[in-house]
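In: attaching a predicted model along with its sequence, questions to come.
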Amino acid sequence: MKYSGIDLHSNNCVVVVTDEQDDVLEEKRVPNDLVVILKLLEPHCEDLAGIVVESTFNWYWLVDGLMEAGYAVKLANPAAIKKYAGLKHSGDETDARHLAQLLRLGILPTGAILPKELRATRDLARKRMQLVRHRTMHILSVENITARQFGARISSNQVKRLGLPDIEAMPLPDDVKLALQAHVAVIGTLSMQIEAIERRIKEQLVDRAEYRLLEGVPGIGRTLAPVILLETGPIGRFADVGNYASYARCVESRHTSNGRKKGQGNTKNGNKYLAWAFVEAANFARRYHAPAKRFYERKKARTNNVVATKALAHKLARACYHILKEGKPFDVARCFA
């Protein structure tokens with residue numbers, strides 16, 4: 001059998017094909033042109049066990065094209081791959097060979113390849129998160145300006161309700177008014193786009209049973225349910241609940257040897273969007289859901305706010321795993337047993 005690794009960059013890639021002994025049969029840097037890459041792989045297609053593509057920012061076109069051409073494609077998780085330290089020579093060719101070797105050995109850390117339509121919806125959910133962060137930045141700026149000018153900070157909800165006439169009526173210098181008007185105009189535009197994206201995501205997911213089940217989990221609701229569902233992908237790719245909690249960055253990253261801490265854990269391994277979603281869910285749940293609040297308060301009494309919030313996020317992540325795996329509604333007794 002043969003194995004291929006592709007080290008992908010913004011405008012070119014290095015394609016490597018190796019055999020069972022890791023001997024290089026093909027190695028070439030080519031432009032990011034699917035036709036060229038397919039032609040390079042064609043002499044090896046019958047014996048090729050699989051192709052590994054690193055999960056870079058621009059992998060969609062290549063993975064989709066290779067899969068449509070009939071190849072078995074694996075998406076490598078770069079955060080979970082650590083090259084040998086102390087190599088005398090290292091470069092793109094070495095990286096591509098290393099990917100092919102990991103595939104041959106059966107120890108390649110992989111990421112999920114979502115169907116095109118779900119991938120687009122997931123990216124839309126990520127765009128919503130980005131716009132919300134930008135809106136929050138502008139809201140905080142308005143709060144800070146009013147605090148400097150009046151000695152008191154207005155709330156975020158008050159900022160969202162501000163209109164241009166409200167600012168014009170404020171006893172402020174013209175330049176300050178102009179700054180506030182700019183912020184309020186941007187906040188209004190961002191809010192409109194966020195609402196449009198939320199409507200579109202709901203249209204795409206409302207008929208899915210998993211989406212409706214996740215909405216019923218404390219702290220999640222209709223805003224976080226799409227993030228968790230789309231970032232999780234096929235639940236069957238996780239061996240168990242612990243594996244899923246680790247992917248959601250809800251467990252501590254730790255390396256030990258002979259009972260002692262050794263080196264640094266890989267804190268970047270996993271899904272940062274899931275990590276954010278479960279922490280957000282925990283913050284909501286501890287305020288509005290009595291059993292979650294009791295669990296949080298017990299943890300906080302023994303530790304601190306951050307540890308207690310992470311522990312609650314861990315509980316919610318485990319609950320979501322079982323909901324998606326079993327197709328059953330949220331069970332409060334099982335979650336906080």
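Out: Happy to help now that I have it.

In: what's in contact with stretch 46-54?
Out: Under the contact criterion Cβ atoms under 8 Å, 6 or more residues apart in numbering, stretch 46-54 has outside partners 1-8, 17, 41, 59, 62-63, 66, 71-76, 78, 95, 99-100, 102-104, 108. In this view, the C-beta of every residue, glycine as well, is placed from N, C-alpha and C.

In: how far off centre is it?
Out: Chain-centre distance of stretch 46-54: 26 Å, with Cα atoms, centre = their mean, to the nearest Å.

In: mind listing what's buried in that stretch?
Out: By neighbour count with 16 or more other Cβ atoms under 10 Å, stretch 46-54 contains the buried residues 48, 50, 51, 52, 53, 54.

In: just give me the neighbour total for residue 337.
Out: 7 (other Cβ atoms under 10 Å).

In: give me the spatial nearest neighbour of residue 283, chain neighbours excluded.
Out: For residue 283, ignoring the flanking residues on the chain, the nearest one in space by Cβ to Cβ, 6 or more residues apart in numbering is residue 309 at 6.5 Å.

In: starting at the chain centroid, how far to the helix or strand hosting that neighbour?
Out: Applying DSSP states H and E as the criterion places residue 309 in helix 305-326. Its chain's average C-alpha position is 16 Å from that of helix 305-326, according to Cα atoms, centre = their mean.

In: show me where pLDDT drops low in the protein?
Out: 83-90, 253-268 (pLDDT under 70).

In: center of it - which residue?
Out: Residue closest to the average C-alpha location in the chain (Cα atoms, centre = their mean): residue 273, at 3.4 Å.

In: any idea how far residue 56 is from residue 161?
Out: In this view, residue 56 and residue 161 are 42 Å apart by Cβ to Cβ, to the nearest Å.

In: neighbour count: those two, which is higher?
Out: Just comparing residue 56 and residue 161: by other Cβ under 10 Å the higher neighbour count belongs to residue 56, 15 against 11.

In: quick check: the more buried one touching residue 8?
Out: Yes - with contact defined as Cβ atoms under 8 Å, residue 56 reaches residue 8; the gap is 5.0 Å.

In: circling back: can you put the buried residues of stretch 46-54 in JSON lines and add secondary structure and distance to residue 250?
Out: Compiled in JSON lines, the buried residues of stretch 46-54 are given as follows (DSSP: H, G, I helix; E, B strand; the rest coil; distance: Cβ to Cβ, whole Å):
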{"residue": "48", "secondary structure": "strand", "distance to residue 250": "37"}
{"residue": "50", "secondary structure": "strand", "distance to residue 250": "31"}
{"residue": "51", "secondary structure": "strand", "distance to residue 250": "32"}
{"residue": "52", "secondary structure": "strand", "distance to residue 250": "28"}
{"residue": "53", "secondary structure": "strand", "distance to residue 250": "28"}
{"residue": "54", "secondary structure": "strand", "distance to residue 250": "25"}
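
In: make JSON lines from these and add distance to residue 153 to it.
Out: Shown next, in JSON lines, are the buried residues of stretch 46-54 (distance: Cβ to Cβ, whole Å):
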{"residue": "48", "distance to residue 153": "62"}
{"residue": "50", "distance to residue 153": "57"}
{"residue": "51", "distance to residue 153": "55"}
{"residue": "52", "distance to residue 153": "52"}
{"residue": "53", "distance to residue 153": "49"}
{"residue": "54", "distance to residue 153": "46"}
